[in-house]
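**Student:** Take a look and give me a structure for this.
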Amino acid sequence: MVLQVRPQTDIAKRREILDSWYREQLKAALPSLISKWEPKLGVRVERFHVQRMKTRWGSCNPPKRSIRLNTELARKPRECLEYLVVHEMMHLLEPTHNERFIALMDRFLPNWRHLRDVLNRLPVRHEEWGY
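**Tutor:** Reported below is the predicted structural model:
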């Protein structure tokens, strides 16, 4: 990807432009993934949020039926994003990471462990400003 900006644009502004673009990409990708998995899981996501998170890839608030995803997922492989969407939606069926949660993940996304490992091997944030 090449970011074209005026020569005097500082690094903070460049980062802000790029972050905004990635956030919009993620917001655009999520509705179709959520719609794909809602009927499979038999759940309904009332709303989703995209935000920068320092220590998590995502979270779920079962009472509000909402999921929150890290903007950095836009920079990761699509299958990792799908895994996170399914993982957070699964919390609408089972709020904790107990045996039932694991069994549900095994049933609906059999390769979830591989996808989790791929995602966790990737840096949360990586940037190179080559200029």
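**Student:** wait, doesn't residue 79 sit right on residue 115?
**Tutor:** Yes - the criterion here is Cβ atoms under 8 Å, and residue 79 meets it with residue 115 at 5.8 Å. Every residue, glycine included, has its C-beta placed from N, CA and C.
**Student:** From the neighbour counts alone, determine which of the two ranks first.
**Tutor:** Neighbours per residue (other Cβ atoms under 10 Å) separate residue 79 from residue 115, with residue 115 holding more: 19 against 14.
**Student:** Would you check that the more buried one makes contact with residue 81?
**Tutor:** No - taking contacts as Cβ under 8 Å, residue 115 lies outside contact range of residue 81: 9.6 Å.
**Student:** okay, and for this structure, where does confidence drop off?
**Tutor:** 1-3, 125-131 (pLDDT under 70).
**Student:** If we use 50, what do you get?
**Tutor:** 129-131 (pLDDT under 50).
**Student:** Report the buried residues of the top helix by length along it.
**Tutor:** If you go by DSSP state H, the chain has its longest helix at helix 11-41. For helix 11-41, the buried set under the neighbour-count rule, 16 or more other Cβ atoms under 10 Å, comprises 18, 19, 22, 23, 26, 29, 30, 33, 34, 37, 41.
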